[in-house]
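Asker: Sharing a sequence plus its predicted fold:
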Amino acid sequence: MIEVVGLKKRFKLTKDHKIDKHEDIDPRQDSDYFNSVRDVSFHCEKGEVLGLLGPNGAGKTTTLRMLSTALLPDNGKIHINGVDVVKSPLLARKKIGFLSGSTGLYGRLTAKENIEYFGRLHGMNKKTLKNRTEELFEILDMNSFVHKRAEHLSTGMKQKTNIARAVVHSPEVVVLDEPTTGLDIMTTQTVIKFIQDLKAQGTPVIFSTHHLDEIDLLCERVSVINEGLSCFNGTLAEFKETGKSQVLNQAFLNILQEQSHV
Ligand SMILES: Nc1ncnc2c1ncn2[C@@H]1O[C@H](COP(=O)(O)OP(=O)(O)OP(=O)(O)O)[C@@H](O)[C@H]1O
C-alpha cells in the first residue's frame with residue numbers, strides 16, 4: 001500500500017526565474033520560492049491502480065519524484081507497505097519501481113545490457129536476472145530489439161526498455177510518470193496490458209497521465225492535483241459523480257473549475 005499525506009515541496013528561485021511585477025503571478029510563487037507542491041495526499045491499496053491527473057505544471061512529476069525518493073519533501077509523510085520513505089530511503093527504493101520521464105539509458109549499451117546493469121545494481125543474481133529479463137522481454141514484446149544499442153532505439157523501444165529497467169527487481173509497488181506519452185497505439189496497448197498484469201498480481205500502481213481513456217481502462221482510484229493542491233481523491237465512479245459527467249474529460253474540467261471557484 002502507498003500512502004501520501006500532506007506533501008509539500010518548494011524550490012528556491014534563481015534570479016532568472018523571478019517574475020516581473022507586471023506578469024500574472026502564479027499563486028504558488030512567493031518572493032524567493034516557488035511552492036510547486038503545496039498539499040498533496042492520496043493512497044493506493046494492494047491490487048489497485050491510481051491515476052494521477054492534473055494540468056501541465058500541476059505538480060505531478062514533483063510529487064512522484066518525492067514518492068520515489070529522488071526528491072526530499074519539505075513536509076508530509078510517504079509510506080510504502082509500512083516503510084517511511086523519508087526516514088528510510090534506501091529500504092524504500094528497493095520496494096519501488098519508478099519510471100521517470102527524465103532518466104536516460106546508456107546509449108552504448110544494448111537494451112538488454114541496460115536492464116541487466118540495473119538488475120545487478122539491485123543485487124540480483126545471474127539466474128534470477130536471466131529469468132526476470134526473459135519474462136519482461138516477453139511481456140513488453142521486446143525480443144526483436146533487445147540486442148540493439150540504446151542510442152539506436154525508437155521512442156517506443158526506449159520507453160519499453162525504461163519500463164523493464166524500472167521493474168527488473170520485481171518491486172512491491174510501481175510508480176510511472178506519464179508512461180505512454182509519445183507512444184504509438186500498439187506500444188501504448190502493450191504498456192496498458194503490462195499495468196493490467198501488475199494489477200492482477202496485486203501490485204499497487206500509481207501513474208500520471210493526460211489520457212483519460214487510460215484512466216477508464218485501468219484505474220480504481222483517481223487523484224487530481226491542481227496548482228500543487230489535491231483537489232479530488234476518490235473512486236472512478238466518485239470522479240464522474242463529483243465532475244457531474246460520465247465523460248471523463250468533462251468531469252476532469254468540471255473538477256478543476258470547481259476548485260478555482262473555491
Ligand atoms: N527545480 C525546480 N525549480 C523551480 N521550479 C520547479 C522545479 N521543478 C519543477 N518546478 C515547477 O513546479 C511546477 C510543477 O512541475 P511538475 O513538473 O511537477 O508538473 P507536472 O504536473 O508534472 O506537469 P506536466 O504535466 O507538464 O508534466 C511547475 O510550475 C514547474 O515549473
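Answerer: Arrived safely. Numbering: from 1, shown residues only.
Asker: Return the backbone torsion pair for the residue lying closest to residue 106 once chain neighbours are set aside.
Answerer: Spatially, and ignoring its direct neighbours in sequence, residue 106 is nearest to residue 114 (5.7 Å; Cβ to Cβ, 6 or more residues apart in numbering). (Glycine included, C-beta is placed from N, CA and C.) Here is the backbone geometry of residue 114 (degrees, to the nearest 10): phi -60, psi -50.
Asker: give me the number of residues near residue 114?
Answerer: Neighbourhood size, residue 114 [other Cβ atoms under 10 Å]: 25.
Asker: do you know how far it is from residue 258?
Answerer: 44 Å (Cβ to Cβ, to the nearest Å).
Asker: again with residue 124
Answerer: According to Cβ to Cβ, residue 124 and residue 258 sit 47 Å apart.
Asker: of those two, who's got more company?
Answerer: The neighbour count for residue 124 versus residue 258, taken as other Cβ under 10 Å, is higher for residue 124 (19 against 14).
Asker: Helices along the stretch 1-150 of the chain, start to end?
Answerer: Secondary structure of the stretch 1-150 of the chain (DSSP state H, counting those that start in this stretch): helices at 60-67, 89-95, 111-121, 126-139.
Asker: Is it possible to get JSON lines of the ones you listed that adds mean pLDDT?
Answerer: Putting these into JSON lines (pLDDT from 0 to 100) gives the following:
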{"stretch": "helix 60-67", "mean pLDDT": "96"}
{"stretch": "helix 89-95", "mean pLDDT": "92"}
{"stretch": "helix 111-121", "mean pLDDT": "96"}
{"stretch": "helix 126-139", "mean pLDDT": "97"}
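Asker: I'd like to know which of the ones you listed is closest to residue 214.
Answerer: Minimum separation from residue 214 across those (Cβ to Cβ) falls at helix 60-67, 14.0 Å.
Asker: Need the contact partners of that closest one.
Answerer: Contacting residues not belonging to helix 60-67 are listed as 2, 4, 7, 9, 36-37, 40, 52-54, 71-73, 76, 78, 85, 96, 98, 100-101, 175, 177, 206, 208, 225 [Cβ atoms under 8 Å, 6 or more residues apart in numbering].
Asker: ok, now stretch 185-201?
Answerer: Stretch 185-201 is contacted from outside by 47-49, 139-141, 156, 159-160, 163, 167, 174, 176, 179-180, 183, 205, 207, 214, 217-218, using Cβ under 8 Å, 6+ apart.
Asker: Buried ones among the residues you listed?
Answerer: For those, a burial check counting by 16 or more other Cβ atoms under 10 Å picks out 48-49, 139-141, 156, 159-160, 163, 167, 174, 176, 179-180, 183, 205, 207, 214, 218.
Asker: Show only the entries of the residues you listed found in helices.
Answerer: Members of the buried ones among the contacts of stretch 185-201 lying in helices (criterion: DSSP state H): 139, 156, 159, 160, 163, 167, 214, 218.
Asker: before we move on, the earlier item: so which of the contacts of helix 60-67 also contact the ligand?
Answerer: Filtering the contacts of helix 60-67 for neighbours of the ligand using Cβ under 6 Å from any ligand atom leaves 36, 54.
Asker: ok, of the contacts of helix 60-67, which come out buried?
Answerer: When the contacts of helix 60-67 are checked for burial by 16+ other Cβ under 10 Å, the buried set is 2, 4, 7, 9, 36-37, 40, 52-54, 71, 73, 76, 78, 85, 96, 98, 100, 175, 177, 206, 208, 225.
Asker: Ends of stretch 137-147, what's the gap?
Answerer: This stretch, stretch 137-147, spans 11 Å end to end (Cα to Cα, to the nearest Å).
Asker: Please identify the buried residues of that stretch?
Answerer: 137, 139, 140, 141, 142, 145, 146.
Asker: what do you get for stretch 255-262?
Answerer: With burial defined by 16+ other Cβ under 10 Å, the residues of stretch 255-262 counted as buried are 255, 256.
Asker: next one: stretch 76-90
Answerer: Buried residues in stretch 76-90 (16+ other Cβ under 10 Å): 76, 78, 79, 80, 83, 85, 89.
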